[in-house]
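[1] Predicted structure and sequence below. I'll ask about it afterward.
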Amino acid sequence: DAGVIQSPRHEVTEMGQEVTLRCKPISGHDYLFWYRQTMMRGLELLIYFNNNVPIDDSGMPEDRFSAKMPNASFSTLKIQPSEPRDSAVYFCASIGRRGRTDTQYFGPGTRLTVL
Amino acid sequence: AQKVTQAQTEISVVEKEDVTLDCVYETRDTTYYLFWYKQPPSGELVFLIRRNSFDEQNEISGRYSWNFQKSTSSFNFTITASQVVDSAVYFCALSGPSSGTYKYIFGTGTRLKVLA
């Protein structure tokens, strides 16, 4: 079975540009999580969805960040405009309640560098 | 509030030594889950184990073992006969109803360096 898929794996952009990160959860999973990891702040939960509906977005740092989940197999995290302090690794993870598992499985991450 | 503490920031051992990574948690929930993840230098987060609060049996998987003690709110991870490939950052995490059942509280991680 395919795991969580994220794209792109690496993104380098210039300050002020729009960045879109993509995630495809494991098929059948109905919870999706977006995290950010930096050396300074560690692993931070940004937002999570259940059945495509945002449940908790309290970790979204500011209005420049937005996330959507238009269907069960796709989610995006958008940063507009991007700033150098947004440089981090962004992870997506999913959980499948239907499989009665409470374990988050992580994607490989997207390494974002904002110049 | 729920909290996970990994007091060891970094540990260095020589190959074949045993090493224990500590994890102490705080929660007011009676039902909760504890997890360990491994993050090797390649960067991915790899699930290692999940333990629910009603199961205090210790778990062994090859060279890995986990000691869950509710009395001390600890869920420690031991690697026996460590190998260079064990070098990674290891995260302990907690989930429970008071923070949102599927929302994890992660510790800050312990960086393990296994020297040849």
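    Received, thanks. Remember, predicted model here, so these are calculated numbers, not experimental data. Numbering: from 1, shown residues only, chains lettered A, B, ... in the order given.
[2] and chain B, which residues reach chain A?
    Contacts of chain B with chain A, taken as CB under 8 Å from any CB of the partner chain, map to B:33, B:35, B:37, B:43-47, B:50, B:91, B:95, B:100-104, B:106, B:108-109. Where C-beta positions appear, they are placed from N, C-alpha and C, glycine not excepted.
[3] Now that we have the residues you listed, which of them are buried?
    Buried by 16 or more other CB atoms under 10 Å in any protein chain shown: B:33, B:35, B:37, B:44-45, B:50, B:91, B:95, B:100-104, B:106, B:108-109, out of these.
[4] So among those residues, where is pLDDT lowest?
    Scanning these for pLDDT, the low point is B:Thr101. It has 70.
[5] how about that one, what does it touch?
    A:102, B:95 (CB atoms under 8 Å, 6 or more residues apart in numbering or on different chains).
[6] contacts for stretch A:29-37?
    With contact meaning CB under 8 Å, 6+ apart, stretch A:29-37 is reached by A:23, A:25, A:43-51, A:67, A:69, A:72, A:75, A:77, A:88-99, A:104-105, A:109, B:102-103.
[7] Quick check: closest non-adjacent residue to the residue of chain A found nearest chain B.
    Proximity of chain A to chain B (CB to the nearest CB) peaks at A:Phe106, 4.0 Å away. Closest residue to A:Phe106 apart from its sequence neighbours, by CB to CB, 6 or more residues apart in numbering or on different chains: B:Leu45 at 4.0 Å.
[8] from what I can see the one you found touches B:Phe91, true?
    Yes. Taking contacts as CB atoms under 8 Å, B:Leu45 lies within contact range of B:Phe91: 7.4 Å.
[9] Now do the shared contacts for the two.
    Here B:Leu45 and B:Phe91 have B:37-39 as joint contacts, going by CB under 8 Å, 6+ apart.
[10] List phi and psi for the residue nearest in space to the middle of chain A.
    For chain A, the residue nearest the mean C-alpha position is A:Trp34 (3.2 Å; CA atoms, centre = their mean). When read as degrees, to the nearest 10, the backbone of A:Trp34 gives phi -120, psi 130.
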